[in-house]
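K.L.:
turn this into a model:
(2 chains)
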Amino acid sequence: MKTVITSRGNTSKSLFDLRFGRAGWFCLWDDESGKTSFIKNEQAEAAGGAGVKASEKMVELGVQKVISGDFGPKAKDLLEKFNIQMVIIEDTNQSIKEIISRIKN
Amino acid sequence: MPRRKRLRKVVAPPGFKGYKPYGNSTHKKQFVELLYEEYEAMKLADYDLLNHLEASKLMGVSRPTFARIYESARRKLAHALVETREIRSVFGNAQLEGNWYLCGDCHARFTIPATLTEHVCPICRSIKVEIIKTKQ
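P.N.:
Take a look at the predicted model:
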């Protein structure tokens, strides 16, 4: 199962990003292979529609779970429609590595 | 057969499970069940100070129906106060905006899409999950 965690940077030591549509990077984690890859979010600086574009990207990647700090109303609707699980956590000072180790157990 | 009850839109369920009287001499086990839609009606009319027509539109019911829900809420509260009864919040005929859950262990909030059958926390696999309100 593929999980996306929003990240501020492109390494596993980077901090978790609380925004979804305007997150700097998306960390794609596959729990079968245990591999992580980082995808740059081109919409991070967009004027509008960042949440929608990000949601479309999630569908394209075949993600089943997205972990972020919050989701906008449009992103929520889209993710819900495509049966992608949304998870909101509010730990601002956690790195991607720490979050992955939390969901592994 | 009576006409089916339309679901009443409830933006946020009450933030409590119930209220208990204290300092009363006789302990009564009976309680009053305050439905989510009654709580919402009371909130819209008396806390947000909307008129009944505006409030009824928000809840997706007609104005007379809203008035009935509101009246029922008021009567239940008065009943509880006068007879020193406990108040409990009960789901009722409510429709919540989206289904969000809260994990009792790690406080993560999440949705459970239709494709998932297990009701566990996606972060810590705890089964102590509870349905909650949306963030808006």
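K.L.:
which parts of chain B are strands?
P.N.:
B:8-10, B:18-19, B:31-35, B:86-90, B:94-96, B:100-103, B:109-111, B:129-132 (DSSP state E).
K.L.:
could I get those strands as TSV with mean pLDDT, mean neighbour count and distance to residue A:98?
P.N.:
Every residue, glycine included, has its C-beta placed from N, CA and C. Shown next, in TSV, are those (pLDDT from 0 to 100; neighbours: other CB atoms under 10 Å in any protein chain shown; distance: least, CB to CB, whole Å):
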stretch	mean pLDDT	mean neighbour count	distance to residue A:98
strand B:8-10	81	22	36
strand B:18-19	90	16	37
strand B:31-35	91	19	42
strand B:86-90	89	18	36
strand B:94-96	72	16	32
strand B:100-103	78	19	17
strand B:109-111	80	22	18
strand B:129-132	71	14	22
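K.L.:
any chance of those strands in a markdown table, with distance to chain A too?
P.N.:
A markdown table is the format used below for the strands of chain B (distance: least, CB to the nearest CB, whole Å):
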| stretch | distance to chain A |
| --- | --- |
| strand B:8-10 | 16 |
| strand B:18-19 | 27 |
| strand B:31-35 | 26 |
| strand B:86-90 | 23 |
| strand B:94-96 | 13 |
| strand B:100-103 | 8 |
| strand B:109-111 | 4 |
| strand B:129-132 | 11 |
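K.L.:
can I get those in CSV including distance to residue B:71?
P.N.:
Output for those, formatted as CSV (distance: least, CB to CB, whole Å):
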stretch, distance to residue B:71
strand B:8-10, 14
strand B:18-19, 20
strand B:31-35, 13
strand B:86-90, 17
strand B:94-96, 17
strand B:100-103, 30
strand B:109-111, 34
strand B:129-132, 27
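K.L.:
out of those, which gets nearest to residue A:44?
P.N.:
Taking CB to CB, strand B:109-111 is the member of the strands of chain B nearest to residue A:44, at 23.5 Å.
K.L.:
mind giving me the packing neighbours of that closest one?
P.N.:
Contacts defined by 3 or more CB pairs under 8 Å, 6 or more residues apart in numbering or on different chains; DSSP states H and E place strand B:109-111 against strand A:85-88, strand B:100-103.
K.L.:
which residue packs closest to the residue most central in space within chain B, ignoring adjacent ones?
P.N.:
Nearest to the geometric centre of chain B sits residue B:36, at 2.5 Å (CA atoms, centre = their mean). Spatial nearest neighbour of residue B:36, chain neighbours left out: residue B:94 (3.9 Å); criterion: CB to CB, 6 or more residues apart in numbering or on different chains.
K.L.:
the one you found pairs with what?
P.N.:
residue B:8 (DSSP bridges).
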